[in-house]
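# Need a 3D model of the sequence below.
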Amino acid sequence: MTKQELVKEVASRTSMKKADVIKIIDSLVEVVRTQLAEGKKVRINGLGIFNVVKRNKRTVRNPQTGKKMTVPEKNVVKFKAAKALNDAIK
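The predicted structure is shown next:
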């Protein structure tokens with residue numbers, strides 16, 4: 001589902017204008033992005049939990065050349081689906 005498809009679906013379910021739904025979705029994304037950038041968790045009941053975890057430095061092998069290289073540590077976003085979401089897709 002694309003953002004435009006999501007906007008259309010939410011607008012039809014809520015009888016809101018598409019422009020208003022776009023503002024809400026954009027605001028939601030910005031709030032989640034800001035909270036994660038600050039190292040905070042974002043929990044949305046029925047959907048799941050977004051949080052930031054540190055991925056340690058590791059050595060990998062380039063499959064084309066076979067050369068070993070080191071990937072530096074970095075922060076990545078992790079998502080854990082809520083039980084309700086997992087149950088819905090079974």
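
# For the rest of this, base every contact and every neighbour count on C-alpha atoms.
Noted.

# Any regions of the chain where pLDDT drops low?
Counting by pLDDT under 70, the chain shows no low-confidence range.

# Just checking, which helix or strand succeeds the helix ranked longest in the chain along the chain?
For the chain, the helix that runs over the most residues, judged by DSSP state H, is helix 18-37. Toward the C-terminus, helix 18-37 is succeeded by strand 42-44 as the next helix or strand (DSSP states H and E).

# The helix or strand just after that following strand packs against which elements?
Next in sequence after strand 42-44, counting helices and strands by DSSP H and E, comes strand 48-55. Packing partners of strand 48-55 (3 or more Cα pairs under 8 Å, 6 or more residues apart in numbering; DSSP states H and E): helix 18-37, strand 42-44, strand 74-81.

# With distance to residue 52 and mean neighbour count added, can I get the ones you listed in JSON lines?
Below are the helices and strands packed on strand 48-55 laid out as JSON lines (distance: least, Cα to Cα, whole Å; neighbours: other Cα atoms under 10 Å):
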{"stretch": "helix 18-37", "distance to residue 52": "6", "mean neighbour count": "14"}
{"stretch": "strand 42-44", "distance to residue 52": "10", "mean neighbour count": "15"}
{"stretch": "strand 74-81", "distance to residue 52": "5", "mean neighbour count": "13"}
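
# got those as TSV, with distance to residue 51 columns?
Shown next, in TSV, are these (distance: least, Cα to Cα, whole Å):
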stretch	distance to residue 51
helix 18-37	6
strand 42-44	6
strand 74-81	5
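
# of those, which approaches residue 3 most closely?
Nearest to residue 3, of all the helices and strands packed on strand 48-55, is helix 18-37, at 8.6 Å by Cα to Cα.

# which other residues reach that closest one?
Contacts to helix 18-37, defined as Cα atoms under 8 Å, 6 or more residues apart in numbering, come from residues 7-8, 10-11, 41-42, 50-52, 77.
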